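K.L.:
how would this look folded up:
(one chain, ligands or ions: 1)
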Amino acid sequence: MPSEEFRKYGYQLVDRITDYFDCIEEFPVLSKIEPGWLKDNLPASAPEKGEDFNDVLADVDRLILPAVTHWNHPNFHGLFATSTSSVGVFGEMLTSAFDMKAMLWRTSPASTELEDVVLDWLRQMMNLPGSFEGTIYDTASVSTMHAIAAARERAGLDIRVRGMSGRNDLPLLRVYCSEQVHSSIDKAVLTLGLGQNSLRKIAVNERFELIAEKLVEAIVEDIESGYLPLCVVATIGTTSTSSVDPVDAVADICEKFSLWLHVDAAYAGAAAIVPEFQHYFGGWERADSIVVNPHKWLFTPFDLSVLYCRDLAIMKQAFSLIPEYLKTSEESTVKNGMDYGIQLGRRFRSLKLWFVIRYFGRQGMITRLREHCRLARLFESWVNASDNFEMMTPVPFALVCFRACVSSPHVSKDSVDETKLNVLNERIMNDINASGAAYLSHTKLNGKFTIRLSVGSIRVEERHLVKVWELLNAALRK
Ligand SMILES: Cc1ncc(COP(=O)(O)O)c(C=O)c1O
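P.N.:
Here you go, the predicted structure:
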């Protein structure tokens, strides 16, 4: 594309993105297209000759926008809402312009060194000790997989060379986590060849937190049965309810049995920068590895997940492998990103996080996180004061779990059995989602359909929660 053309369309595109953010509330939160609609409306094969870029942009309006689910919409409350900021978009633009493949320091000095600096800033902001060193991966799923691979390497089983199959000297390895753990832990053990049987899920208490005594029982029982305990995954901010496992007690157990402790703080880790939330993070400084996702709740566009390791050398021991064509003279004095995981080339992701941290500053980020948590607690207070809805879990951060309850005058008394109540709550959520006005998601807690409202958009204000509250009460009355 000639420079003049690039400049012309570049300005147009920034205008379009600006208008998109300014008018985001005019879009339905969830796309209203039927499955297959976009495919049916696109040509089945690529154009033979290049097209006018104006036509491509027109098709963005005509075909792509209707098929977008608007994560930037302030009434996106499903899953964990994205907090992404427009300044982060600039980071993405420059990253793709530079297009560095950061496998070696030499191929990407800026990426390699900025990553170290920015992750050290973030470490300090989160009050983690200087012994933690970070690496950026795409997602928490991949970060956690690498953490468990490092745990396996540290166990000294020579799996890197000898593998796991056909070995009768290798007992079943065990990874422990709570019943509330994210499915990425299951996927990590699948991917690493440990197998699903290696994952032992420990019961939780009524607040959905791992019960430390049950963890000890399970480990002792496994050792007696000849299994080899390897690693425990504790979560700060579980996906379903944002509950917090007793990390300090789990760290004691890991110390006693010499197990790797991985902390999944993919969602709630961001809150560690807020002084009054420090108590949720007690003990995480004793972990061997911690995952935090700035792409969830630190204003950074997807994707950027950080894995902090107390001994990053173990990761290198697990993954470093240098083919001839990647040998360099500075190898012993620099950090080469390819040594710390399965990827060779790595994106220059730290740039957008650097932009975000510099633009908002630590205080700006704290203020926004505090506001999200204030709004979640405000919503909780409306639920608690209402006859129609009830809270299902505590609200440590900015996720509210609740449901329409039997005491509501609008719930017919033959809905008092749990199955009917589940159907009613699902119907309420589906009605709101279908309206396009907001997006809510759900979980099941002890068999009870629970509606989840995540507050996390950088654009969310009190009026957006008022709107959801009105929608919920109207849907209940229907
Ligand atoms: C606690 C927790 N861990 C891990 C993940 C997986 O995140 P990612 O999409 O970055 O793999 C999630 C996703 O919501 C999560 O809530």
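K.L.:
now tell me what touches stretch 450-457 from outside.
P.N.:
By C-beta atoms under 8 Å, 6 or more residues apart in numbering, the list of residues contacting stretch 450-457 from outside reads 72-74, 76-83, 240, 296-297, 372-373, 375-376, 379, 392-393, 398-403, 425, 428-429, 440-444, 464-465, 468, 472. Backbone N, C-alpha and C define where each C-beta goes, glycine included.
K.L.:
which of those fall in helices?
P.N.:
Among the contacts of stretch 450-457, the residues falling in helices (DSSP state H) are 296-297, 372-373, 375-376, 379, 425, 428-429, 464-465, 468, 472.
K.L.:
now those as JSON lines including distance to Gly10 and pLDDT?
P.N.:
Formatted as JSON lines, the entries for the ones in helices among the contacts of stretch 450-457 read as follows, by distance: C-beta to C-beta, whole Å; pLDDT from 0 to 100:
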{"residue": "Lys296", "distance to Gly10": "29", "pLDDT": "98"}
{"residue": "Trp297", "distance to Gly10": "30", "pLDDT": "98"}
{"residue": "His372", "distance to Gly10": "33", "pLDDT": "98"}
{"residue": "Cys373", "distance to Gly10": "38", "pLDDT": "98"}
{"residue": "Leu375", "distance to Gly10": "36", "pLDDT": "98"}
{"residue": "Ala376", "distance to Gly10": "38", "pLDDT": "98"}
{"residue": "Phe379", "distance to Gly10": "41", "pLDDT": "98"}
{"residue": "Asn425", "distance to Gly10": "47", "pLDDT": "97"}
{"residue": "Ile428", "distance to Gly10": "45", "pLDDT": "97"}
{"residue": "Met429", "distance to Gly10": "41", "pLDDT": "98"}
{"residue": "His464", "distance to Gly10": "32", "pLDDT": "98"}
{"residue": "Leu465", "distance to Gly10": "37", "pLDDT": "98"}
{"residue": "Val468", "distance to Gly10": "37", "pLDDT": "98"}
{"residue": "Leu472", "distance to Gly10": "43", "pLDDT": "98"}
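K.L.:
let's see the ChimeraX selection covering just the buried ones among the residues you listed.
P.N.:
A single ChimeraX command selects the buried members of the ones in helices among the contacts of stretch 450-457 (16 or more other C-beta atoms under 10 Å):
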select :296,297,372,373,375,376,379,425,428,429,464,465,468,472
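K.L.:
nearest to Pro129, of the ones in helices among the contacts of stretch 450-457?
P.N.:
Among the ones in helices among the contacts of stretch 450-457, Trp297 lies closest to Pro129 (C-beta to C-beta), at 22.2 Å.
K.L.:
the ligand contacts on this structure?
P.N.:
Taking C-beta under 6 Å from any ligand atom as the contact definition, the chain meets the ligand at 80, 139-141, 182, 184, 235, 237-239, 264, 266-267, 293, 305.
K.L.:
filter those residues down to the ones in helices?
P.N.:
Where those overlap with helices, as defined by DSSP H, the overlap consists of Ala140, Ser141, Ser184.
K.L.:
who wins for neighbours among those?
P.N.:
Ala140 (26 neighbours; other C-beta atoms under 10 Å).
K.L.:
now that residue: closest residue in space, sequence neighbours ignored.
P.N.:
Ala266 (3.7 Å; C-beta to C-beta, 6 or more residues apart in numbering).
K.L.:
show the contacting residues for that neighbour.
P.N.:
For Ala266, the contacting residues are Ala140, Ser143, His182, Gly237, Val291, Val292, Asn293, Lys296, Ser305, taking C-beta under 8 Å, 6+ apart as the criterion.
K.L.:
JSON lines for the residues you listed, including distance to Glu224?
P.N.:
Listed next are the contacts of Ala266 as JSON lines, based on distance: C-beta to C-beta, whole Å:
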{"residue": "Ala140", "distance to Glu224": "33"}
{"residue": "Ser143", "distance to Glu224": "33"}
{"residue": "His182", "distance to Glu224": "29"}
{"residue": "Gly237", "distance to Glu224": "33"}
{"residue": "Val291", "distance to Glu224": "31"}
{"residue": "Val292", "distance to Glu224": "36"}
{"residue": "Asn293", "distance to Glu224": "37"}
{"residue": "Lys296", "distance to Glu224": "39"}
{"residue": "Ser305", "distance to Glu224": "37"}
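K.L.:
I figured Leu369 hits Gly269, correct?
P.N.:
No - with contacts defined as C-beta atoms under 8 Å, Leu369 does not count as touching Gly269, sitting 11.2 Å away.
K.L.:
just the strands in the stretch 101-250 of the chain please.
P.N.:
Listed in chain order, the strands of the stretch 101-250 of the chain (DSSP state E, counting those that start in this stretch) span residues 133-137, 173-178, 199-202, 228-235.
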